[in-house]
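K.L.:
Take a look and give me a structure for this.
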Amino acid sequence: MSSIFSACNCSIHHLGRVHRSTWMRAFPWLRLYQCSNCRKLQLLPQKEVDRAKVEYGSRGAYRDRLAPRSVDPNKGLGIGERPKVGG
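P.N.:
Numbering: from 1, shown residues only. Have a look, this model is predicted:
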């Protein structure tokens, strides 16, 4: 059984806030999160989770900008295709 103070191995994308129990308020810098993937409850620092979510989002946006765009073959060239020259 893993500790409530340790994070799961799932993506930060799966974390969602849930209400803390009374005893958890003894750690005011920690917030209770639950992973929607593995359902693990985790007490984690809110600032670090927020920072990780921003980094995760910006990494996805950066990856989306660099990803090659596929083109409908009926409308033009696809990935790696060259225009046909001549007939």
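K.L.:
my guess is Trp23 is in a helix, correct?
P.N.:
Yes - per DSSP: H, G, I helix; E, B strand; the rest coil, Trp23 lies within a helix segment.
K.L.:
Just give me the neighbour total for it.
P.N.:
7 (other C-beta atoms under 10 Å). Placement of C-beta: from N, CA and C, glycine included.
K.L.:
That one and Asn9: what is the separation?
P.N.:
According to C-beta to C-beta, to the nearest Å, Trp23 and Asn9 sit 26 Å apart.
K.L.:
Next: Gln46.
P.N.:
20 Å.
K.L.:
Between these two, tell me which one has more neighbours.
P.N.:
Neighbours were counted for Gln46 and for Asn9 using other C-beta under 10 Å; Gln46 has more, 13 against 10.
K.L.:
Skip the chain neighbours and tell me the closest residue to that one.
P.N.:
Counting by C-beta to C-beta, 6 or more residues apart in numbering, Arg31 is the residue found nearest to Gln46 once chain neighbours are left out, at 4.4 Å.
K.L.:
next one: Cys8
P.N.:
Lys40 (4.5 Å).
K.L.:
For that neighbour, give its distance to Arg20.
P.N.:
15 Å.
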